[in-house]
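Engineer: What follows is a predicted protein model with its sequence.
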Amino acid sequence: MTATACKPSLSCPVTDEMVAAYRRDGFVKVPGVLTPEEVALYAQASLDATEQHAGDRRYGAFDQTVNIWRKDPLLKQLTLHPVLAAAAKKLHGGRLRIWHDHILIKRPQKSTATEFHQDKPYWPHATSPNPLSAWIALCDVPVEKGCMTFLPGSQNWTSLPAQDLNDSQSLANICGDMRWIPRVTMPLRAGECTFHHGLCAHMATPNHTPDPRIAYVIIYMDETATYSGIKHIVTDPLNLQPGDRLDGELFPEV
Ligand code: SIN
Ligand code: NI
């Protein structure tokens, strides 16, 4: 397919109220980050890429294709999208690099829930205290199609061990308080997104509909991030030593 991305709208969609909500709760909804034309283009490209790479990793919860921006010039434009980068930097308040992207498809009627977890404990980062993810809906995602649910304030839980996103009790077993926190469930229209802090606990419902749920996630880390030494699919092939900077063309500044 020969296609070019549509010209992104250039204004930053994040208001001061959104920044305040993000800093308080650890997540925020940002509507209108992609045009309908962009959504159509990137949704098809995400389905094609998942098919082509057979979803690099297939789980019960989703098929995951990691770092597609390094292989697909069209989706590279989405991962490096200036509107999303501007939104991320306004929420974060400083300089950011791409950690990785991933396409997360919940297969029709077959997927399980993505259970409650924090993202940051999975990542081999030192000196990146405030990573954040843009979770972009490339189709309408009502609750029954696999939308996200967040635990407000959980970004302040800074020292929990990694939780198992296939185990519904994993976070509760580590942090019983989570059971009593009101949850915020966030259905999204195509072209809307949420941003969440790397420590903000979240889950996603199963997809009970006949169509795939197409989510595209861009993860930003602090510009200062260094390698911590723990295993991760993105850094394992790179022969890094703990303390090495995660910079250069594989981790571009946005
Ligand atoms: C999902 O979309 O199923 C989960 C996304 C996430 O854990 O960040
Ligand atoms: Ni997550």
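Structural biologist: Received the coordinates, thanks. Ligands and ions are numbered 1, 2, ... in the order given.
Engineer: Ligand 1 contacts on the stretch 51-200 of the chain?
Structural biologist: Ala61, Phe62, Leu104, Thr114, Asp119, Ser133, Gly146 (C-beta under 6 Å from any ligand atom). Glycine gets a C-beta too; all of them are placed from N, C-alpha and C.
Engineer: Buried ones among these?
Structural biologist: Ala61, Phe62, Leu104, Thr114, Asp119, Ser133, Gly146 (16 or more other C-beta atoms under 10 Å).
Engineer: contacting residues for the fourth one?
Structural biologist: When you say that, I think you mean Thr114. Ala61, Phe62, Gly146, Leu165, Met203, Ala204 (C-beta atoms under 8 Å, 6 or more residues apart in numbering).
Engineer: Which members of these define the maximum pairwise distance?
Structural biologist: Pairwise distances across these peak at 13.2 Å for Gly146 and Leu165 (criterion: C-beta to C-beta).
Engineer: now do the same end-to-end measure for stretch 12-30.
Structural biologist: 10 Å (C-alpha to C-alpha, to the nearest Å).
Engineer: Now do the buried residues in it.
Structural biologist: Neighbour counts over stretch 12-30 (16+ other C-beta under 10 Å) mark 12-14, 18-19, 21-22, 25-30 as buried.
Engineer: which one is Lys120 nearest to, not counting chain neighbours?
Structural biologist: Once flanking residues are discounted, Lys120 sits nearest to Gly198: 3.5 Å by C-beta to C-beta, 6 or more residues apart in numbering.
Engineer: Point to the residue nearest the middle of the chain.
Structural biologist: Note on the chain: the residue nearest the mean C-alpha position is Val217, at 3.5 Å, using C-alpha atoms, centre = their mean.
Engineer: Distance from the longest helix seen in the chain to the middle of the chain?
Structural biologist: With secondary structure taken from DSSP state H, the chain has its longest helix at helix 36-52. Centre-to-centre, helix 36-52 and its host chain are 16 Å apart (C-alpha atoms, centre = their mean, to the nearest Å).
Engineer: could you point out which element follows it?
Structural biologist: Once the chain leaves helix 36-52, the next helix or strand it forms, by DSSP states H and E, is strand 57-58.
Engineer: Which elements pack onto that following strand?
Structural biologist: The contact analysis (3 or more C-beta pairs under 8 Å, 6 or more residues apart in numbering; DSSP states H and E) places strand 57-58 against strand 63-66.
Engineer: can you map out the strands along the stretch 1-150 of the chain?
Structural biologist: Listed in chain order, the strands of the stretch 1-150 of the chain (DSSP state E, counting those that start in this stretch) span 27-30, 57-58, 63-66, 96-106, 114-117, 125-126, 132-137, 148-150.
Engineer: Also the stretch 151-254 of the chain?
Structural biologist: Per DSSP E, counting those that start in this stretch, the stretch 151-254 of the chain carries strands over the ranges 184-186, 193-197, 202-204, 213-222, 226-227.
Engineer: out of those strands, nearest to Ile68?
Structural biologist: Closest approach to Ile68 among the strands of the stretch 151-254 of the chain (C-beta to C-beta): strand 213-222, 8.7 Å.
Engineer: That closest one to strand 96-106, inter-axis angle?
Structural biologist: Counting by axes from the mean of the first three to the mean of the last three C-alpha atoms, to 10 degrees, strand 213-222 lies at 160 degrees to strand 96-106.
Engineer: let's have the chain start at 840 instead
Structural biologist: Okay, residue one is now 840; in that scheme the one you just asked about reads as strand 1052-1061.
Engineer: Please save the CA atoms from strand 1052-1061 in CSV.
Structural biologist: Provided in CSV are the C-alpha atoms of strand 1052-1061 (Å, rounded to 0.1, in the frame of the first residue of the first chain):
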residue,chain,number,x,y,z
ARG,A,1052,-9.7,-3.9,19.3
ILE,A,1053,-6.8,-1.8,17.9
ALA,A,1054,-4.7,0.1,20.4
TYR,A,1055,-1.4,1.8,19.6
VAL,A,1056,0.8,2.6,22.5
ILE,A,1057,3.8,5.0,22.5
ILE,A,1058,6.0,4.9,25.5
TYR,A,1059,8.1,7.9,26.4
MET,A,1060,10.9,7.8,29.0
ASP,A,1061,12.9,10.7,30.6
